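1. make a model of this:
(4 chains)
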There are 2 protein chains.
Amino acid sequence: MAGVAEQRRPTLADVASRAGVSPGTASLALRGAPGPSAASAERVRAAASALGYRADRAASRLAARRTRLLGVTLTIRNTFHAELAEALQDAAEDAGYQVLLHPVTARRGEAGAVDVLLDSRCEALLLLGTEMPSSQLAALDAHDPVVLVGRRAQGLDVVRADEAAGTALAVEHLVGLGHTRLAHVSGGSSDVARERRDGFLAAARARGLDPLVVEGAFSEDAGAAAAAEVLAAGVTGVFAANDRVALGLLDAARSAAATGSSGEGPLLAVVGYDDSPLARLGHVRLTSVSQDPGALAAAAVRTAVERLDGGREDPVDVVLAPRLVVRGSTGPLPPVRSGGGATSR
Amino acid sequence: MAGVAEQRRPTLADVASRAGVSPGTASLALRGAPGPSAASAERVRAAASALGYRADRAASRLAARRTRLLGVTLTIRNTFHAELAEALQDAAEDAGYQVLLHPVTARRGEAGAVDVLLDSRCEALLLLGTEMPSSQLAALDAHDPVVLVGRRAQGLDVVRADEAAGTALAVEHLVGLGHTRLAHVSGGSSDVARERRDGFLAAARARGLDPLVVEGAFSEDAGAAAAAEVLAAGVTGVFAANDRVALGLLDAARSAAATGSSGEGPLLAVVGYDDSPLARLGHVRLTSVSQDPGALAAAAVRTAVERLDGGREDPVDVVLAPRLVVRGSTGPLPPVRSGGGATSR
DNA sequence: TCATCTAGTACTCGTCCGCGC
DNA sequence: AGCGCGGACGAGTACTAGATG
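-> Residues are numbered from 1 along each chain as shown, chains lettered A, B, ... in the order given. I've put the predicted structure just below:
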């Protein structure tokens, strides 16, 4: 249905001549910059809207000699990344920047995404959950500020959640509910998984407990696989390495309870990690540690802007306190639940 | 850690002079365009890589008088949109275009996202699951080609999955397994929900069945709420309006089975819709109708490119056949399952 | 003479800057 | 001083005209 009104897009020159001013004046007026008188600014605005003028961002950025663009790479299917990206958008806008998102795809990979961002002259790179080797990261950072979100690296700006604190929150919550037989189903051997496991052990032992650790992975299957051992050990409170593990665990525990002797429903109080959409599912209602994407995003933008506008040189490591989102999957000991799995609301 | 090598980025002119050719020749050589001799092309490439030159995309687009940019709006938290976006990236690349993604955020909304894309001079707009009024869509389309993905609108290009066919696939699958007492838990009153309900009724009746329809919504809670009615009616096979509904239903049915008389596990075969990550969860293994994001993305790009490069004027309605992804949540009648819910693998 | 290659210039569209009024 | 103009500029591409063999 296009076709008809195929005339050339109006340019700034068109607006200027219609308003009877020079392009320079029109540019200032449209950006609300000081200079033009109120009267000419008004005439320019009127002309612009009459013509349906919209500034060409590519041209603006070229002429302005800076782009005010923050490049963001993310694994777009990762819902946590998605939430971060959304929050970054707002945070960047507040700082007078614009976000350029590029997903990491199977075909191009992270390096491909970064290339696009660099070719678009992003002034800084915010990498969500990057898996690039740190030598490459350092090389990038030598040219443009790089901010890592959710991953650590020597000598680079990092914004992350405090894993130990999040873990402690979970343990504290379980203990507060009366659970003393605790277990952790780990996420494997990655940095993050290790931090959570070590944090769990430290927090539990600090409370005089002798907790169980079942080695696992960041998957539902790992959680399900750990269920038998956890139940056999008489554990009542579990801290899972993340929500997926928690989900598998809950599900397996529920099934075991259903087929087993007591028909009382799940006997486990389970805390997850990430506060993913999974945790919010109506029938799951998983208590989970939230990394607060809004706060992480704001910190990431702030970190980049400090480098760009503030002239900071030394790398920072911003560690944010997570918070615990309590839902139905954790209850006091002995668990008082309806047979239906999640607690009644 | 930046700072040190803060010299000006090399430009095409730098590359050209180092290679001893004119900028025009260098430009052609770097793009692999015909013109330069093999020898000069090689010299240009060498100079470029020696200098670490990367063309400025903004400048290129400005000079080229076209951007070859496809603007995509999406609800980034929506995992289906995320999968589409990823597939669009690849499809666009194959067609010689580049995708510019802009998430719809709470703050700016769809109109805001579209504005950014238009200001970036995207040549066409691919809107994923748009909720814009069709008058606005028509206005956009009058200026630049608009392709709607997953939503219908008069007079506009549309790419979507065939809901009726997907529904029929689900019914056929259940009937093929021996189920004759079928039910559908609907998704409410939206267009898509209605198509799925009507498709279900038509497909079931075409097989001489008298199916049950429980009105619901696109949520786990709706699925859980429908469970009692479905079970009481003696239904054995359910087609849920989407995966979330299916999940709620499965969970409630499983709980009912656990507390109820027979300890045999879920008695329902359930088919979902969307083949979302939810369906793939290890402990869920939900049979689901897949809209095939790869195919949708390819069709969407093709549709846009036909308008841009092929000069097509009349709107098309591309309807793609969905496919059924069979997993553990559906089994033959009587269901032979281990007590653990999902079938053993 | 003709195809190949190349240089040079015009151009894209805004923004920045120096200068006059 | 406040306002506004004209033109250079940013980093490329398109096109034309000319040189080469």
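
2. run the contact check for stretch A:116-126 versus DNA strand C.
-> No. Counting by Cβ under 7 Å from any atom of the strand, DNA strand C is not contacted by stretch A:116-126; separation bottoms out at 14.0 Å. Quick note: C-beta positions are derived from backbone N, CA and C, even for glycine.

3. for that stretch, buried residues please.
-> By neighbour count with 16 or more other Cβ atoms under 10 Å in any protein chain shown, stretch A:116-126 contains the buried residues A:116-118, A:120-126.

4. and that stretch with DNA strand D, contact?
-> No. On the criterion Cβ under 7 Å from any atom of the strand, stretch A:116-126 is out of touch with DNA strand D, staying 8.2 Å away.

5. sticking with the residue positioned nearest the centre of chain A, tell me its helix or strand.
-> Geometric centre of chain A, nearest residue: A:L84, 3.3 Å, by Cα atoms, centre = their mean. Take DSSP states H and E as the rule and A:L84 turns out to sit in helix A:79-94.

6. where helices are concerned, which of the buried residues of stretch A:116-126 count?
-> Under the assignment DSSP state H, the buried residues of stretch A:116-126 contribute A:116-118 to helices.

7. so where is the stretch 1-150 of chain A shaky, pLDDT-wise?
-> A:1-6 (pLDDT under 70).

8. which residues in it form strands?
-> Listed in chain order, the strands of the stretch 1-150 of chain A (DSSP state E, counting those that start in this stretch) span A:69-74, A:98-103, A:124-128, A:146-149.

9. rewinding a little: distance of the residue nearest to the centre of chain A relative to DNA strand D?
-> Distance, A:L84 to DNA strand D, by Cβ to the nearest atom of the strand, to the nearest Å: 31 Å.

10. nearest residue to that residue other than its sequence neighbours?
-> Spatial nearest neighbour of A:L84, chain neighbours left out: A:P293 (4.7 Å); criterion: Cβ to Cβ, 6 or more residues apart in numbering or on different chains.

11. could you tell me the model confidence score at that neighbour?
-> pLDDT for A:P293: 94.

12. which residues does it contact?
-> A:P293 is in contact with A:80, A:83-84, A:86-87, counting by Cβ atoms under 8 Å, 6 or more residues apart in numbering or on different chains.

13. correct me if wrong: A:L30 contacts A:E42.
-> No. Assessed by Cβ atoms under 8 Å, A:L30 is found out of contact with A:E42, at 11.6 Å.

14. between the two, who's got more neighbours?
-> Relative neighbour count places A:L30 above the other of A:L30 and A:E42, with 20 against 13, counting by other Cβ atoms under 10 Å in any protein chain shown.

15. distance of the more buried one relative to DNA strand D?
-> In terms of Cβ to the nearest atom of the strand, A:L30 sits 13 Å off from DNA strand D.

16. list the residues that contact that residue.
-> For A:L30, the contacting residues are A:12, A:15, A:44-45, A:48, A:53, A:55, by Cβ under 8 Å, 6+ apart.

17. also A:A164?
-> Applying Cβ under 8 Å, 6+ apart, the residues near A:A164 are A:195, A:198-199, A:202-203.

18. which of the residues you listed has the largest number of neighbours?
-> Result: A:A203 is most packed of these (other Cβ under 10 Å), 24 neighbours.

19. my read is that it contacts A:G166, right?
-> No. The pair A:A203 / A:G166 is not scored as a contact, 10.1 Å apart, by Cβ under 8 Å.

20. could you pick out the residues of the stretch 51-200 of chain A near DNA strand C for me?
-> Going by Cβ under 7 Å from any atom of the strand, the residues of the stretch 51-200 of chain A near DNA strand C are A:54-56, A:59-60, A:62-65.

21. how about those in a markdown table, adding distance to A:V159?
-> Below are these laid out as a markdown table (distance: Cβ to Cβ, whole Å):
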| residue | distance to A:V159 |
| --- | --- |
| A:R54 | 34 |
| A:A55 | 32 |
| A:D56 | 33 |
| A:A59 | 33 |
| A:S60 | 29 |
| A:L62 | 30 |
| A:A63 | 32 |
| A:A64 | 27 |
| A:R65 | 28 |
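
22. now the buried members of these.
-> Buried members of these, counted by 16+ other Cβ under 10 Å: A:56, A:59-60, A:62.

23. from those residues, which are also near chain B?
-> Among these, the ones lying near chain B by Cβ under 8 Å from any Cβ of the partner chain are A:56, A:59, A:62.

24. Serialize these to CSV and add fields for distance to B:D141.
-> As requested, these are exported to CSV (distance: Cβ to Cβ, whole Å):
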residue, distance to B:D141
A:D56, 21
A:A59, 25
A:L62, 29
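
25. what subset of the residues you listed is also close to DNA strand D?
-> Counting by Cβ under 7 Å from any atom of the strand, A:59, A:62 from those sit close to DNA strand D.

26. do a quick rundown of the helices in the stretch 151-300 of chain A.
-> Remark: helices assigned in the stretch 151-300 of chain A by DSSP state H, counting those that start in this stretch are A:163-176, A:191-206, A:220-232, A:243-259, A:277-280, A:293-309.

27. ranking these by burial, who's on top?
-> helix A:243-259 (a mean of 26; mean count of other Cβ atoms under 10 Å in any protein chain shown).

28. that one packs against which elements?
-> Applying 3 or more Cβ pairs under 8 Å, 6 or more residues apart in numbering or on different chains; DSSP states H and E, one finds that helix A:243-259 contacts helix A:220-232, strand A:237-240, strand A:269-273, helix A:277-280, helix B:243-259.

29. what number of residues are in the vicinity of the closest residue to A:D90 other than its chain neighbours?
-> Leaving aside its sequence neighbours, A:D90 sits nearest to B:R107 (Cβ to Cβ, 6+ apart; 5.4 Å). Other residues lying near B:R107 total 11 when counted by other Cβ under 10 Å.

30. correct me, but A:A222 touches A:A246?
-> No. Using Cβ under 8 Å, A:A222 makes no contact with A:A246, being 10.5 Å away.

31. which residues sit in contact with A:L127?
-> A:72-73, A:110, A:114, A:137, A:146-149, A:151.

32. pLDDT weak spots in the stretch 151-300 of chain A?
-> Applying pLDDT under 70 to the stretch 151-300 of chain A flags residues A:257-266.

33. identify the residues contacting the residue in it positioned nearest to DNA strand C.
-> Closest contact between the stretch 151-300 of chain A and DNA strand C, by Cβ to the nearest atom of the strand, is at A:A300 (25.4 Å). With contacts defined as Cβ under 8 Å, 6+ apart, A:A300 is in contact with A:84, A:88, A:91, A:126, A:147, A:149, A:159.

34. which residue, other than its chain neighbours, is closest to it?
-> Excluding the flanking residues, the one nearest A:A300 by Cβ to Cβ, 6+ apart is A:V159, at 4.6 Å.

35. so the one you found makes contact with A:V318?
-> Yes. Between A:V159 and A:V318 there is a contact at 4.5 Å, judged by Cβ under 8 Å.

36. neighbour count winner among these two?
-> For A:V159 versus A:V318, the count of surrounding residues by other Cβ under 10 Å is larger for A:V159: 25 against 17.

37. any idea what that one is bridged to?
-> Applying DSSP bridges to A:V159 gives these bridge partners: A:V149, A:V318.

38. which ones are touching it?
-> The contact partners of A:V159, taken as Cβ under 8 Å, 6+ apart, are A:147-150, A:296, A:299-300, A:303, A:318, A:320.
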